[in-house]
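Q: how would this look folded up:
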Amino acid sequence: MTEHPENRPVGDPDSSRGAAAHGSASWDDLQVGFCGSPRAKLDERGRLKMPAEFKTFLERKYGKDFNEFYITSRDGLDAEIYPIPEWQQLWSKVMKMPPSNKSRQDLVARYTLYGAKAEMDPQGRLLLPDELRTAGMVNEDVSVMGEGNLLRVTPLSRLKEKVHGKPMSSESMDELAGFGL
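A: So this is what the prediction gives:
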């Protein structure tokens with residue numbers, strides 16, 4: 001049975017050799033997508049300036065003039081920023097679920113309430129949807145976390161609160177170890 005490169009752990013030497021052998025792009029294009037957690041600031045109007053490393057990645061993946069995103073949230077606390085092609089794939093999966101499914105209904109309601117299409121302006125800024133701005137995501141220092149096919153924008157104060165003074169439990173560490181982490 002042949003192992004597929006996409007099933008190998010990130011950082012696996014074979015996955016790097018496989019990528020190089022196929023003449024493909026760098027590891028982040030093939031394995032990870034958006035990666036990292038640069039800090040940024042939402043301005044007083046609720047606009048996020050796209051971090052340079054993510055803007056560069058977007059240009060490599062979607063082309064120099066790419067500027068279309070869908071911004072939403074599942075909880076109203078963090079913003080999820082999807083390039084439109086990634087959003088369309090996710091939305092397609094949601095729409096394949098039975099309309100009567102309660103989890104689907106809850107997710108659609110949240111994505112609808114907090115979501116809107118957004119275009120990145122020539123200065124590389126994205127305006128967060130009204131609901132997220134009125135929930136307090138303006139004039140804030142934020143972390144912009146790369147999570148594969150999306151960017152998660154979290155107020156830095158909330159992220160610090162979540163992490164500081166709350167060590168990971170041994171159960172969590174064991175669970176992660178089960179995934180090779």
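Q: give me the element Glu171 is part of.
A: helix 170-178 (DSSP states H and E).
Q: pLDDT of that helix, averaged?
A: On average, the pLDDT along helix 170-178 is 89.
Q: kindly report the same for stretch 60-68.
A: On average, stretch 60-68 scores 89.
Q: buried ones in it, by neighbour count?
A: Neighbour counts over stretch 60-68 (16 or more other Cβ atoms under 10 Å) mark Lys61, Phe66, Asn67 as buried. Glycine gets a C-beta too; all of them are placed from N, C-alpha and C.
Q: which residue packs closest to the last one, ignoring adjacent ones?
A: Going back to what we said before, that points to Asn67. Met120 (4.1 Å; Cβ to Cβ, 6 or more residues apart in numbering).
Q: which residues does the one you found contact?
A: Met50, Asn67, Glu68, Phe69, Leu126 (Cβ atoms under 8 Å, 6 or more residues apart in numbering).
Q: same thing with Glu119?
A: Contacts for Glu119 (Cβ under 8 Å, 6+ apart) come out as Asn67, Glu68, Phe69, Leu126.
Q: could you do Tyr82 as well?
A: Tyr82 neighbours (Cβ under 8 Å, 6+ apart): Phe69, Tyr70, Ile71, Thr72, Leu90, Asn149, Leu150.
Q: can you say which of these are buried?
A: In the contacts of Tyr82, the ones that pass as buried (16+ other Cβ under 10 Å) are Phe69, Tyr70, Ile71, Thr72, Leu90, Leu150.
Q: who touches the helix or strand containing the third one?
A: By that I understand Ile71. Element membership for Ile71, per DSSP H and E: strand 68-72. The contact list for strand 68-72, computed with Cβ under 8 Å, 6+ apart, reads 79-84, 87, 110-111, 114-120, 126, 128-129, 132.
Q: can you select the buried ones from those residues in ChimeraX?
A: Listed next is the ChimeraX selection for buried residues among the contacts of strand 68-72, using 16+ other Cβ under 10 Å:
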select :79,80,81,82,83,84,87,110,111,114,115,118,120,126,128,129,132
